[in-house]
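Visitor: coordinates only, no sequence provided:
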């Protein structure tokens, strides 16, 4: 892979890392600021309130997917990526200065909600712009490897967030963290976004986009996307199982280990931190493997593993009792999830022609995340509050089973030429290979 390819991957990934640092920091620090914005009472109820606002951010992602996907197809991938990081910086600043319930009543929760709406807009476009950019910027023979850095950078953002949490847990008292320490990561996120904004202003556009000959007025329009509606529905279906599993074992894992398994917050955070480092390292390896054997084998492996292993893994995690058993189970779960995360970006990008690729990835993916990924934590806490927590385990396994059917039926996308993916009036959803 040439120097220019690596430069494009680095700049795209660095921005993605900051975007997802800001996004995941909300979930990572929720146990500390949940009581700041809502009346005192049941800790689970407070977490459900903050999880509800977390989910609202996901419901803005389809809007962001549409708006920023359109920008990415009409103005270029660079323009969309620069705009997303600007929105994310603004949202991080809002959360950093939001007043607490004691100061402004529910006014602080309202500021928190507005910030999450902005984050939803930003991330709704970031995923697609990043996925499209990394896929188009890479060597055609190594698209799986190159696009895997999207989840490397996403996970790196979460690792940095958890690392900062661990540092603050060890340098500040629990009371200080609950009082004001939780604001620190949002200040860090805003500063990081400013640096990435500077980097993205000088980034190079992809050759595939620059050489696109499709009609300018058709680029990034819903009319153009409608011609590829079956691929769009395919993106929703293949995302369903993967996004539920991913958010279960990343953003929700720390809360599950502390709120259900009875581990201390410090131990739960350390388990997630260590597991995510290994998880990030696995992404390029699995992406490179998909360049050799195809995308479908990895997707099918993920879906089978998640369908069969979710219930026993989650059950055992609840009774892990310590760091090492919890870490081993978390790693097993994340190894399975790697079959989806390492390649899902390029699979989706490979389905659409250049003129509608960013929108084609952004909008249906954002819809799937709003319905399944963003609600995973809230659904988990709902089952817990209802006294049937194991019902959530079966829910995750069931979503993976649905996606398994799609993976088995879908066509292989590894060898498609991105510049020659046809813009057609109608297309077949599946062509089994």
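Guide: Received it, and whenever you're ready, just let me know what you need. Small disclaimer: the values here were computed from a predicted structure and weren't measured.
Visitor: per-residue confidence for residue 60?
Guide: Looking at residue 60, its pLDDT reads 85.
Visitor: before we move on, what about residue 169?
Guide: In this model, residue 169 carries a pLDDT of 86.
Visitor: ok, for it, nearest residue in space, not its chain neighbours?
Guide: residue 266 (5.4 Å; C-beta to C-beta, 6 or more residues apart in numbering). Every residue, glycine included, has its C-beta placed from N, CA and C.
Visitor: got it, and residue 407?
Guide: Residue 407's closest residue in space is residue 299 (C-beta to C-beta, 6+ apart), at 4.2 Å.
Visitor: ok, now which ones touch that neighbour?
Guide: Applying C-beta atoms under 8 Å, 6 or more residues apart in numbering, we find residue 299 in contact with 238, 339-340, 343-344, 347, 403, 407.
Visitor: for PyMOL, write a command that selects the buried ones of the residues you listed.
Guide: Here is the PyMOL command that selects the buried residues among those (16 or more other C-beta atoms under 10 Å):
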select buried, resi 238+339+340+343+344+347+403+407
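Visitor: for the contacts of residue 299, give me JSON lines that also has distance to residue 369, pLDDT and secondary structure.
Guide: Below are these laid out as JSON lines (distance: C-beta to C-beta, whole Å; pLDDT from 0 to 100; DSSP: H, G, I helix; E, B strand; the rest coil):
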{"residue": "238", "distance to residue 369": "12", "pLDDT": "92", "secondary structure": "helix"}
{"residue": "339", "distance to residue 369": "18", "pLDDT": "97", "secondary structure": "helix"}
{"residue": "340", "distance to residue 369": "13", "pLDDT": "97", "secondary structure": "helix"}
{"residue": "343", "distance to residue 369": "17", "pLDDT": "96", "secondary structure": "coil"}
{"residue": "344", "distance to residue 369": "11", "pLDDT": "93", "secondary structure": "helix"}
{"residue": "347", "distance to residue 369": "16", "pLDDT": "95", "secondary structure": "helix"}
{"residue": "403", "distance to residue 369": "14", "pLDDT": "96", "secondary structure": "helix"}
{"residue": "407", "distance to residue 369": "18", "pLDDT": "96", "secondary structure": "helix"}
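Visitor: may I ask which two of the contacts of residue 299 are separated the most?
Guide: 343 and 403 (13.4 Å; C-beta to C-beta).
Visitor: any low-confidence regions in the stretch 251-400 of the chain?
Guide: Under the criterion pLDDT under 70, no range of the stretch 251-400 of the chain is flagged.
Visitor: same question, the stretch 101-250 of the chain
Guide: Those would be none, if you go by pLDDT under 70 across the stretch 101-250 of the chain.
Visitor: quick one: the most centrally placed residue in the chain from residue 91, how far?
Guide: Centroid-nearest residue in the chain, with C-alpha atoms, centre = their mean: residue 154, separated by 6.7 Å. With the distance defined as C-beta to C-beta, to the nearest Å, residue 154 ends up 17 Å from residue 91.
Visitor: cool, residue 376 as well?
Guide: 21 Å.
Visitor: helix or strand: which one has the residue nearest to residue 169?
Guide: When elements are assigned from DSSP states H and E, residue 266 belongs to helix 265-293.
Visitor: immediately after that helix, which helix or strand?
Guide: helix 296-318.
Visitor: list the buried residues in that next one.
Guide: Result for helix 296-318 [16+ other C-beta under 10 Å]: buried residues 296, 298-307, 309-310, 313-314, 317-318.
Visitor: swap in stretch 139-152?
Guide: 140, 142-152.
Visitor: what lies in contact with that stretch?
Guide: Contacts of stretch 139-152 (C-beta under 8 Å, 6+ apart): 1-2, 5, 9, 12-13, 16, 127, 130-131, 134-135, 137-138, 280, 283-284, 286-291, 295, 341-343, 345-346, 349-350, 414, 417-418.
Visitor: mind checking which of those residues are buried?
Guide: Buried among the contacts of stretch 139-152 (16+ other C-beta under 10 Å): 9, 12-13, 16, 127, 130-131, 134-135, 137-138, 280, 283-284, 286-287, 289-291, 295, 341-343, 345-346, 349-350, 414, 418.
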